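Peer 1: 3D, please:
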Amino acid sequence: MAIEIFARTIVKLLGWKLIGTFPDNKKLLIIAAPHTSIQDFVMGWLGLRSFGINARFIIKKEFFFFPIGPIIRALGAIPVKRGDIHNDTVSQMVQQFNQRKSFFLVITPEGTRKKVKHWKKGFYQIAMQAGVPIVVSTVDYGKKQLGPLMIFKPSGDFETDMLKIKACYIDVKAKYPDCFTTE
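Peer 2: Alright, predicted model coming up:
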C-alpha cells in the first residue's frame, strides 16, 4: 500500500493523470504503448503501481549486469535471451501464467524503443495460449495520462484484434512521436 501511495504522489507531482480501471483478475497480459523512451518504463511502472498492479516485464538479458541487474529484477524484470531459436519466450511466459495463482505481465508490442514497421505478435500468442485477457494501456505524453484504454479477451483472429488494439492508440502521443507507429 505504501508503494501505491508513493507512486500516485509522484505521478501527481509530475502533472500526470491516471485513467481507466483494471479488471479484478488474478492474471493479465498488459500491453504498454507507445514505447519510444526509457521514460515510458518509469512512467508506466509508476502508473501500474499507482493502480496497485505489481507487474512483471521482460527485458533482454544483456541488462542483467551488476549493479543494474539486481535493481531491475527487484522492479519486476524477467530476463530473456533474444534471437536464440532454442529460447521460446512465448512458451516461457505461458508457463509463468500457468504456474502462478496471480501474474501480471507487461509487454511492449513494438518490442523496442526504435521505430518498427510492424508490432510483434508474441504478446498476442502469450495471451491466447495462457487464456488471459489483454489490457491495452498507454503512456500518453500529449494528454499526460497513464492507464488502461481497453480490456478484451483475444478472439483468435489476430488481424481483427490488432485493428481494435491499434485504434486505441490513434490519438496517443509518444515521447518521441517519430518513433511510434500504429501500422
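
Peer 1: which residues in the chain form helices?
Peer 2: With DSSP state H as the criterion, the chain has helices at 2-13, 38-50, 68-75, 89-99, 122-130, 158-167.

Peer 1: contacts made by the fourth one with the rest, please.
Peer 2: Here helix 89-99 makes contact (CB atoms under 8 Å, 6 or more residues apart in numbering) with 27, 56, 58, 78, 80, 82, 103, 105, 122, 125-126, 129-130, 132. In short, each C-beta sits where N, CA and C put it, glycine included.

Peer 1: just so I know, which of the helices of the chain lies nearest residue 148?
Peer 2: Comparing those against residue 148 with CB to CB, the closest turns out to be helix 38-50 (9.5 Å).

Peer 1: buried residues of the closest one, list them for me.
Peer 2: 40, 41, 43, 44, 45, 46, 47, 48, 49, 50 (16 or more other CB atoms under 10 Å).

Peer 1: residues touching residue 156, list them.
Peer 2: Per CB under 8 Å, 6+ apart, neighbours of residue 156: residue 128.

Peer 1: where's it relative to residue 24, distance?
Peer 2: Using CB to CB, to the nearest Å, residue 156 is found at 24 Å from residue 24.

Peer 1: pLDDT below threshold where in this protein?
Peer 2: Low-confidence segments of the chain (pLDDT under 70): 83-87, 110-116, 182-183.

Peer 1: apply 80 and report the result again.
Peer 2: 1, 81-87, 110-118, 177, 179, 181-183 (pLDDT under 80).
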